[in-house]
Structures are given as C-alpha cells and as structure tokens.
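Novice: when you get a sec, could you give me coordinates for this:
(2 chains)
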Amino acid sequence: MPTKNAKASTPGGDTGQTVIVAESDIFARMVLAQFLRECGYEVLEAATSEDVLAVLRSGREIDVLLLDAQISGGLAGFTLTRLVREQFPGTEIVLTFGVAKSAEKAGEICDKGPRERPYHPQEIVTRIKRLRQNRAQKP
Amino acid sequence: MSALAQILPHAGKAWCPTILVTEDEVLVRGVVADHLRDAGFAVIEASNAAEAVDVLQSGEPVDLVFTDIAMPGIMNGAMLARWIYLNRPDVRVVLASGSADSAQTFPDGRLFLKPYDLDDVESHIRRALGWA
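Specialist: Sure, this is the predicted structure:
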C-alpha cells in the first residue's frame, strides 16, 4: 500500500458523506462518480462486487452504496445487496438497473446534499452514451 | 482569446491536468486517486488496462496515465504503456510495480516500486507535466 501523506482531504467531502459508485461499465462509473463528486460527496469507485466488499471491510464508513444490479464479480447484485444489508446496516443501499435508473438515483442522492447538482441527471445518460459511441468508432 | 493564450494553450485559464490511474486493487486505486485529487489534479480511475484503453479512445481528455504493471486481463500495464506509445504518444506514462524485476525492463522510464510514497509520485507527475 502506498503511504498516505499528511494533507488528507476531509472525509466525506463537502457533505460529510461517502458514496460508493458500484458499476462495472467504466463510462457509467466514471460519469456517475464525477457527477456525485461535483455534488460534494466523497466518492469511491467499485468495478466489481469484490471491490464493494473490500471497501466496506476496510472499515471506511460508507453512507450510500449506489449499486448497479448487473455488477460483475463473484457475487451477483442481489446477493451482494443482502450481504451488505446484513453486515453493514449503516450503509444505505440504492440498487439500480441500467444507466437511466442510476442517473435518476444519482440525481436524488445529489438533491439530498448541500451542493447544487452540476447539471441535470439526464445529462449523465447523454454523456455515457457519447463516450460509448466515441469508443465504438475506434479500432 | 488573447494572442498569448493562442500561443500558450494553458495561459489565461486554470488548466487542470487529468491523470488516469489504472490499478486493479480497489483500495490502492482509491488512495492514489484521492491523493492526486487533493493535489489538484482531475483523476479518472480504471481497474484494468482494457478500461484504460476505453477511456483513452472515448475522447475524454487525459494527460498522463499512472498504471500498475501487474493487472488481470489480456493486457498488463507494460502492454498498456506500449499501446499508449503507439496510439497516444501525447499521453505520458508513469509505471508502478510490486516487483523489482520490472525495473530492469524499463531502464529509461521512472518505475515506482510498491509501496511507493505518494508525495514522490505527485512530484514526479508534476515534473512530467511541467505543472507547478
């Protein structure tokens, strides 16, 4: 593990809250995480169900888990949800299916924070689609 | 736009370099990304080389890739570095590894051996980008 230096950010960002964005699609994860950071949340990014558990088991206090039900890894989304609910009851689980739902839920999470949303949640979907289209055009 | 801003693309506006941190271990990735964000960089996180290539081909601006060498998947960090050299020579690469053997393979580039000091990584990235 790299050594963390002395000037650490305030845990929980502006809102004092930490969110895990759990999403296996790189573009969805990237855009959702950036959106929620701009809303003032501290955001951790998980690409697999193993990532989610590793973060929770590290002892880090996680307020919200924004979880795509189709996340890849050893545990399927629903099984992971049950496990998190049992072992980490302090973490609110927001389970989504598809980017449109994830964007909508990210908007709701943002609305609960003190910072105004940087743009309309629908824009999240547009941005993800644009990134995917650009990528699809490359060899 | 002023004449100076046309010559020097970053003059007159706050240019924020974007670092793509590529690392499969989520806790390491998070700590590195956090540190670089605190240092003022914009940071994108990728969990493997394939995701890094996806980001690099998506049109999302990236100035430097900080990547671990050993990662699961078809490509490892060394292959990613080679891909970047061939396809995106404008993007700088800094490598990290848990094995000293890798240092033999990359005699010219800077290789950070784990556990690396994040201040050292930050300083090196700043120098590589010419960004105070």
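Novice: all strands of chain B, in order?
Specialist: B:18-22, B:42-46, B:64-68, B:92-97, B:111-113 (DSSP state E).
Novice: pLDDT averaged over the third one - what is it?
Specialist: Looking back up the chat, that one is strand B:64-68. For strand B:64-68, mean pLDDT is 96.
Novice: direction included, what does that strand pair against?
Specialist: With DSSP bridges as the test, strand B:64-68 is paired with strand B:18-22 (parallel), strand B:92-97 (parallel).
Novice: that one vs strand B:42-46, what angle?
Specialist: Taking axes from the mean of the first three to the mean of the last three CA atoms, to 10 degrees, strand B:64-68 and strand B:42-46 form an angle of 40 degrees between their directions.
Novice: can you list contacts of strand B:64-68?
Specialist: B:17-25, B:28, B:32, B:36, B:49, B:52, B:56, B:77, B:80-81, B:84, B:91-98, B:121, B:125, B:128-129 (CB atoms under 8 Å, 6 or more residues apart in numbering or on different chains). Using the backbone N, CA and C atoms, a C-beta is placed for each residue, glycine as well.
Novice: show the buried residues in the residues you listed.
Specialist: B:17-25, B:28, B:32, B:36, B:49, B:52, B:56, B:77, B:80-81, B:84, B:91-97, B:121, B:125, B:128-129 (16 or more other CB atoms under 10 Å in any protein chain shown).
Novice: and stretch B:70-85, which residues are buried?
Specialist: Here stretch B:70-85 shows B:Ala70, B:Met71, B:Met75, B:Asn76, B:Gly77, B:Ala78, B:Leu80, B:Ala81, B:Trp83, B:Ile84 as buried, counting by 16+ other CB under 10 Å.
Novice: chain neighbours aside, what residue packs nearest to the residue positioned nearest the centre of chain B?
Specialist: The centroid of chain B falls nearest to B:Val65 when counting by CA atoms, centre = their mean (2.0 Å). Nearest non-adjacent residue to B:Val65, counting by CB to CB, 6 or more residues apart in numbering or on different chains: B:Leu20, 4.6 Å away.
Novice: go ahead and confirm the one you found touches B:Ala46.
Specialist: Yes - assessed by CB atoms under 8 Å, B:Leu20 is found in contact with B:Ala46 at 6.0 Å.
Novice: give the residues shared as contacts by the two.
Specialist: B:Ala52, B:Val55.
Novice: number of residues surrounding the closest residue to B:Pro17 other than its chain neighbours?
Specialist: Distance criterion CB to CB, 6+ apart; nearest residue to B:Pro17, sequence neighbours excluded, is B:Asp63 at 4.3 Å. By the criterion of other CB atoms under 10 Å in any protein chain shown, B:Asp63 has 19 neighbours.
Novice: what helices or strands is the top helix by length along chain A leaning on?
Specialist: Ranked by number of residues, the top helix in chain A under DSSP state H is helix A:122-136. Counting contacts by 3 or more CB pairs under 8 Å, 6 or more residues apart in numbering or on different chains; DSSP states H and E, helix A:122-136 is packed against helix A:26-38, helix A:99-111, helix B:49-57.
Novice: and the residue nearest to the centre of chain B, bridged to which residues?
Specialist: Residues in beta-bridge contact with B:Val65 (DSSP bridges): B:Leu20, B:Val93.
Novice: give me the low-pLDDT residue ranges for chain A?
Specialist: A:1-15 (pLDDT under 70).
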